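Participant: when you get a sec, could you give me coordinates for this:
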Amino acid sequence: MIPLYLKIANYLETKILKGEYLPGDKIPSENILSEQFNTTRTTVRKALAELEKKGIITRVFGLGTFVTEINIVSKKKIGIIVQNTKIVYGIIKFCSKIGSKCFVVERVENLEAEKQAIKQLLSMGVDGIIMEPTVNSIANDILKSLLQNNFPVVFVDRSIDIGFPVPTVINNNYSGGKMLGEHMRKVHKIKSAIYVTSEDMTISSVYERYNGIKDGLKFSPEIIKVPKIDGDYSQIIKFAKKVDAIFFCNDMMAVRGITTLLQNNIKIPNDIKVLGYDNDYVSKIVNPKLTTVNQDLSLIGETAASLMVSLIKNEKVELENKIESKLIIRKSCGCKEEEEKNVQRKRQRN
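Facilitator: Sure, this is the predicted structure:
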């Protein structure tokens, strides 16, 4: 059980990190806090002492307690190696509230580019790195060296077994996949399907989405791998008349797959049903609109930034942090407009 003084300290720290108390602001007095938490001034004083040790507040005799003008958090620099712009937005949004500076490097395509990105950030004097790992990261000796020396690193969007414990913030991909699978089994009674990915199944998000879909369907779709996300999708054509549905690992792939199917006169959802994942902007503009899973990517970014702050302050954090998702029903799965609305209403009630 967490002692009350720590609860009070965490409460105040959260308000400071969210920007509700800004540098130089006076925080409530010991009397007010003791009444608010129904405790003694001694307990409140102990909580304030914890924050003062961290450099977050300054107590001035006769005047009160103030948020430190230049605290240890606001002086820190955070490096970002993340492709998804919504996640980057969430990181920057959180950091802007606490005054930390962010440095974003361009998208990395391979192991060497990832190494150069880390070197570039280190040359800027960053105090921690938030990154979206890939299968290449497993062989990144620079990254491993940083982790071995306890340099703060947070992974987002996917987890990779790199040989060191790394705090990770991800969508609950299994839950999202299972919602897709259950919908297709219960509503559309599908009996066969394929799962299309451009990434290796060792990537946590790829594997967990598949696992969720499999458990939701109660059978195992065949796994099809295309060379790259913007590569050749022609191999899916041979499955169009053999299976009931195609589950794509993400929406960008689904849109490319839909284009390939339509170019070959295969109608969606009449001939085959198509599903994506991410609720990317393209899912709403493709025809037919794409059934998918919505991730709160901005929240993933904000959570990752919050973890980074805790790591910089040498605090313990949870290694696995999952953000829940939501099923988005549209026409590509075979639902008509009214069915789509009914399913969404039912989910909201539950």
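Participant: which residues are in contact with the residue nearest in space to the middle of the chain?
Facilitator: Using CA atoms, centre = their mean, the residue of the chain that lies closest to the mean C-alpha position is Ile300, 3.3 Å off. Each residue near Ile300 by CB atoms under 8 Å, 6 or more residues apart in numbering is listed here: 87, 90, 156-157, 169-171, 323. No exception for glycine: its C-beta is placed from N, CA and C like everyone else's.
Participant: how far away is it from Val135?
Facilitator: Separation of Ile300 from Val135 (CB to CB, to the nearest Å): 20 Å.
Participant: then Tyr281?
Facilitator: Taking CB to CB as the measure, Tyr281 falls 26 Å from Val135.
Participant: neighbour count for those two, which is higher?
Facilitator: When neighbours are counted by other CB atoms under 10 Å, Tyr281 and Val135 differ, and Val135 comes out ahead with 15 against 9.
Participant: buried set for stretch 325-334?
Facilitator: For stretch 325-334, burial by neighbour count (16 or more other CB atoms under 10 Å) applies to 325-334.
Participant: ignore the last one, stretch 209-228
Facilitator: Using 16+ other CB under 10 Å, the residues of stretch 209-228 that count as buried are 209-214, 216-217, 221, 224, 226.
Participant: among these, which pair sits farthest apart?
Facilitator: Of all pairs drawn from the buried residues of stretch 209-228, the one with the longest distance (CB to CB) is Gly216 and Val226, at 22.9 Å.
Participant: how about Ile130, secondary structure?
Facilitator: The assignment at Ile130 comes out as strand when based on DSSP: H, G, I helix; E, B strand; the rest coil.
Participant: measure it to Asn136 for me?
Facilitator: With distances defined as CB to CB, the gap from Ile130 to Asn136 amounts to 17 Å.
Participant: neighbours around the nearest residue to Asp127 once chain neighbours are set aside, how many?
Facilitator: Setting aside the residues directly before and after it, Asp127 is nearest to Lys76 in space (CB to CB, 6 or more residues apart in numbering), at 4.4 Å. When counting by other CB under 10 Å, one arrives at 21 neighbours for Lys76.
Participant: pLDDT at Lys76, what is it?
Facilitator: As predicted, Lys76 sits at a pLDDT of 84.
Participant: cool, and the one 10 residues further on?
Facilitator: Looking at Lys86, its pLDDT reads 88.
Participant: same deal with the one 5 residues further on?
Facilitator: On the pLDDT scale, Ile91 is placed at 92.
Participant: likewise for Lys346?
Facilitator: Here, the pLDDT recorded for Lys346 equals 59.
Participant: can you list the domain ranges for the protein.
Facilitator: Split into domains by automatic domain parsing, the chain comes to 4-67, 77-166+297-323, 173-291+329-344.
Participant: on that earlier part again, have a look at Ile130 and Asn136 and say which one is more surrounded.
Facilitator: Neighbours were counted for Ile130 and for Asn136 using other CB under 10 Å; Ile130 has more, 28 against 17.
Participant: surely that one meets Ile78?
Facilitator: Yes. Using CB atoms under 8 Å as the test, Ile130 is close enough to Ile78 to be in contact (6.4 Å).
Participant: overlap in contacts of these two?
Facilitator: Any residue near both Ile130 and Ile78 by CB under 8 Å, 6+ apart counts here, and that gives 91, 305, 308.
Participant: any chance of those in a markdown table with distance to Met179 and neighbour count as columns?
Facilitator: Supplementary listing: these in a markdown table, determined by distance: CB to CB, whole Å; neighbours: other CB atoms under 10 Å:
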| residue | distance to Met179 | neighbour count |
| --- | --- | --- |
| Ile91 | 27 | 27 |
| Ala305 | 28 | 30 |
| Met308 | 30 | 29 |
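Participant: among the residues you listed, which are located in helices?
Facilitator: 91, 305, 308 (DSSP state H).
Participant: quick one: contacts for the second one?
Facilitator: In this structure, Ala305 makes contact with 78, 90-91, 94-95, 100, 130, judged by CB under 8 Å, 6+ apart.
Participant: now do 10 Å
Facilitator: Under the criterion of CB atoms under 10 Å, 6 or more residues apart in numbering, the contact list for Ala305 reads 17, 78, 80, 87, 90-98, 100, 102, 128, 130, 154, 156, 169.
Participant: how much space separates it from Gly181?
Facilitator: As for Ala305, its distance to Gly181 is 32 Å (criterion: CB to CB).
Participant: with the first one instead?
Facilitator: Taking CB to CB as the measure, Ile91 and Gly181 are separated by 31 Å.
Participant: where along the stretch 151-300 of the chain do the helices fall?
Facilitator: Counting by DSSP state H, counting those that start in this stretch, the stretch 151-300 of the chain forms helices over residues 173-186, 204-217, 251-263, 282-285, 297-312, given from the N-terminal end onward.
Participant: out of those, flag the one nearest Asp232.
Facilitator: Across the helices of the stretch 151-300 of the chain, Asp232 has its closest neighbour in helix 251-263 (8.6 Å, CB to CB).
Participant: hmm, back to that, closest to Leu22 out of the shared contacts of Ile130 and Ile78?
Facilitator: Leu22 has its nearest neighbour among the shared contacts of Ile130 and Ile78 in Ala305, at 17.8 Å by CB to CB.
Participant: and the strands in the chain?
Facilitator: Per DSSP state E, the chain carries strands over the ranges 57-60, 64-67, 77-81, 101-104, 128-131, 153-156, 168-171, 193-197, 222-225, 245-248, 273-275, 292-294, 320-323, 326-328.
Participant: would you turn these into a markdown table with distance to Lys119?
Facilitator: Shown next, in a markdown table, are these (distance: least, CB to CB, whole Å):
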| stretch | distance to Lys119 |
| --- | --- |
| strand 57-60 | 36 |
| strand 64-67 | 35 |
| strand 77-81 | 11 |
| strand 101-104 | 13 |
| strand 128-131 | 11 |
| strand 153-156 | 15 |
| strand 168-171 | 23 |
| strand 193-197 | 30 |
| strand 222-225 | 31 |
| strand 245-248 | 35 |
| strand 273-275 | 40 |
| strand 292-294 | 36 |
| strand 320-323 | 28 |
| strand 326-328 | 39 |
